[in-house]
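# Turn this into a structure:
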Amino acid sequence: MSTFLLEIVTPERKVYAEQVNMLVAKGVEGELGILPNHIPLVTPLKISSITVKKQGSKDEIIAVNGGFMEVRKDKVVILAESAELPEQIDVDRARAAKERAEKRLADSKQDNVDFKRAEASLQRALNRISVSGK
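Coordinates of the predicted model:
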């Protein structure tokens, strides 16, 4: 089975760079399945997990917090605000972030609460908690 290079890059570092058989990611328009020789495209990504499939091994789940995905014939590059493998996630920190975001959203009646920022923080925390459990 043919493969393509998947690179996940954040402003701080390269999180992932391996040959894979398939990638499943959530773009802003919906879920995308990418196979080798996919038509080129660029799309923004949602705060969500991505699933990496490699022949002969278990699926890998990676937490990706927004960014863009560029698909080329033999390579996919994800430029993410942040990305973490399950073993890199600090679950206690993610749970604390979730609680803080929920509290800010509950207090959204106050004028000084930035609703969109609190909502994005909650989505990132839920994504990290979800990926850490897989």
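# and the closest residue in space to Gly67 that isn't next to it in sequence, how many residues sit next to it?
Computed as CB to CB, 6 or more residues apart in numbering, the closest residue to Gly67 that is not its neighbour in sequence is Ala80, at 3.6 Å. In short, each C-beta sits where N, CA and C put it, glycine included. Neighbour count for Ala80, taken as other CB atoms under 10 Å: 23.
# Same check on the one 5 residues further on?
The local packing count at Leu85 equals 15, with neighbours defined by other CB under 10 Å.
# Quick check: closest non-adjacent residue to it.
Ile62 (5.9 Å).
# Is the one you found in contact with Glu84, as I believe?
Yes. With contact defined as CB atoms under 8 Å, Ile62 counts as touching Glu84 (7.1 Å).
# Now do the SS call for Ala63.
strand (DSSP: H, G, I helix; E, B strand; the rest coil).
# Not counting its neighbours along the chain, what's nearest it?
Ala63's closest residue in space is Val131 (CB to CB, 6+ apart), at 4.0 Å.
# Which residues are in contact with Asn37?
Ser2, Phe4, Lys73, Asp74 (CB atoms under 8 Å, 6 or more residues apart in numbering).
# excluding its backbone neighbours, what's nearest the third one?
Same thing as Lys73. That would be Asn37: by CB to CB, 6+ apart, it lies 5.9 Å from Lys73.
# and the one you found, which of the three is it?
Asn37 is classified as coil under three-state DSSP.
# Met1 reaches Met22, doesn't it?
No. Counting by CB under 8 Å, Met1 stays clear of Met22, with 9.3 Å between them.
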